[in-house]
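Trainee: structure here, sequence nowhere to be found:
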């Protein structure tokens with residue numbers, strides 16, 4: 001089929017096998033186990049010589065179709081769907097490293113990602129060397145013979161910093177490191193990760209892709225642009241699986257043995273979410289632009305941060321990497337924490353809830369919520385103050401959102 005637009009592609013990815021009833025929507029396969037025609041056939045499956053679904057903790061038809069659809073939309077080598085974004089991150093890091101290895105990571109991470117690297121995985125012998133990733137020289141100084149990967153977020157949450165991805169790709173390639181990007185905030189309709197040298201993409205599909213906070217999920221995307229013989233923890237898998245070595249190690253080892261699989265019911269929601277992803281993101285983005293213009297004009301608002309606005313210092317990077325659409329979350333500051341709380345409590349349409357890219361617009365106070373377990377020193381280092389609020393912009397009529405904010409600011 002010739003190359004088509006994002007939504008057209010999403011709606012026309014073929015099933016792995018023809019549905020006997022020619023259903024236009026992928027059926028929900030809730031079966032745990034799948035029958036084989038003979039003992040010889042199931043033996044061949046377990047040897048890897050006959051590909052078929054055997055047990056839904058490893059694969060199922062509905063999850064497989066979600067993976068195929070996301071593979072087509074990311075133009076990648078392969079996709080593995082998981083139970084959450086955190087499962088996608090942990091499976092990836094565990095596949096790339098072993099005790100005694102280290103990775104280099106951005107220091108302004110989603111709170112739970114930071115805790116995973118700083119606390120959980122360190123207890124198993126993995127060192128994470130945190131950096132702001134803005135200095136090529138500093139990154140080079142952190143690399144040694146045991147460094148396996150560079151991990152970063154395309155746009156940080158809620159600071160909205162944007163990494164110089166081409167610089168990171170250059171450093172990673174020079175040292176044979178795997179470049180891993182959490183692209184949750186920049187979905188595949190605005191960001192072509194493989195084009196900019198990212199090897200592995202992880203994302204929380206709970207956010208944009210679920211279609212409006214319908215379900216939890218995560219995905220690992222292999223862009224097929226890394227030689228897996230160069231990583232000592234995947235090299236042995238290249239003997240049998242060649243360019244699919246990383247995907248094979250994750251699926252046949254980490255994913256299968258730690259039990260982080262996506263449920264078929266979740267995949268069904270997220271298949272439908274991919275169909276309307278482009279439409280939702282465009283609506284949220286247009287709302288962001290209008291809200292940014294309004295907030296910038298209101299004297300009670302002390303600061304507005306959204307790299308999609310042309311007056312934002314990060315706009316050139318947003319334009320370069322994301323076609324000017326660096327996700328659809330923004331932040332703004334009022335005079336004090338008390339003023340922020342008073343404002344939030346007066347809102348009638350915007351919801352006080354923690355999630356990203358719901359269909360509804362959501363607001364939180366990061367300092368007291370997602371950074372509640374951080375010390376004040378850690379908050380300051382992460383760029384978090386108690387005057388900041390994070391707005392995840394939804395698809396409501398923007399005039400209603402502006403009216404809600406205007407009334408609450410009175």
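Mentor: Right, received. Where do you want to start? What you see is a predicted model, and the numbers here were worked out from it, not measured in a lab. Residues are numbered from 1 along each chain as shown.
Trainee: need the longest helix for this protein.
Mentor: helix 277-297 (DSSP state H).
Trainee: buried residues in the helix or strand just after it?
Mentor: Proceeding N to C from helix 277-297, the next assigned helix or strand is strand 303-305, under DSSP states H and E. For strand 303-305, the neighbour count (16 or more other C-beta atoms under 10 Å) marks 304-305 as buried. The C-beta positions use only the backbone N, C-alpha and C, and glycine is treated the same way.
Trainee: let me know the pLDDT of residue 137.
Mentor: With respect to pLDDT, residue 137 scores 95.
Trainee: host element of it?
Mentor: helix 136-142.
Trainee: which strands or helices does the longest helix of the chain pack on?
Mentor: helix 6-11, strand 303-305, strand 329-333, helix 398-409 (3 or more C-beta pairs under 8 Å, 6 or more residues apart in numbering; DSSP states H and E).
Trainee: please identify the most buried of these.
Mentor: strand 329-333 (a mean of 22; mean count of other C-beta atoms under 10 Å).
Trainee: the inter-axis angle of that strand versus helix 398-409?
Mentor: 30 degrees (axes from the mean of the first three to the mean of the last three C-alpha atoms, to 10 degrees).
Trainee: now stretch 269-278: how far from the chain's centre is it?
Mentor: 15 Å (C-alpha atoms, centre = their mean, to the nearest Å).
Trainee: list of residues touching it?
Mentor: For stretch 269-278, the external contacting residues (C-beta atoms under 8 Å, 6 or more residues apart in numbering) are 6-7, 10-11, 25-26, 62, 65-66, 69-70, 73, 81, 187-189, 205, 208-212, 214-215, 217, 262.
Trainee: rewinding a little: weakest of the helices and strands packed on helix 277-297 by average pLDDT?
Mentor: It's helix 6-11: among these, that one has the lowest mean pLDDT, namely a mean of 93.
Trainee: count of neighbours near residue 57?
Mentor: Neighbourhood size, residue 57 [other C-beta atoms under 10 Å]: 12.
Trainee: roughly how far does it sit from residue 261?
Mentor: As judged by C-beta to C-beta, to the nearest Å, residue 57 and residue 261 stand 5 Å apart.
Trainee: do I have it right that residue 51 meets residue 45?
Mentor: Yes: the pair residue 51 / residue 45 is scored as a contact, 7.3 Å apart, by C-beta atoms under 8 Å.
Trainee: look at these two and report which has more neighbours.
Mentor: Remark: of residue 51 and residue 45, residue 45 carries more neighbours, 16 against 10, as counted by other C-beta under 10 Å.
Trainee: need the contact list for that one.
Mentor: Residue 45 neighbours (C-beta under 8 Å, 6+ apart): 36, 51-52, 54.
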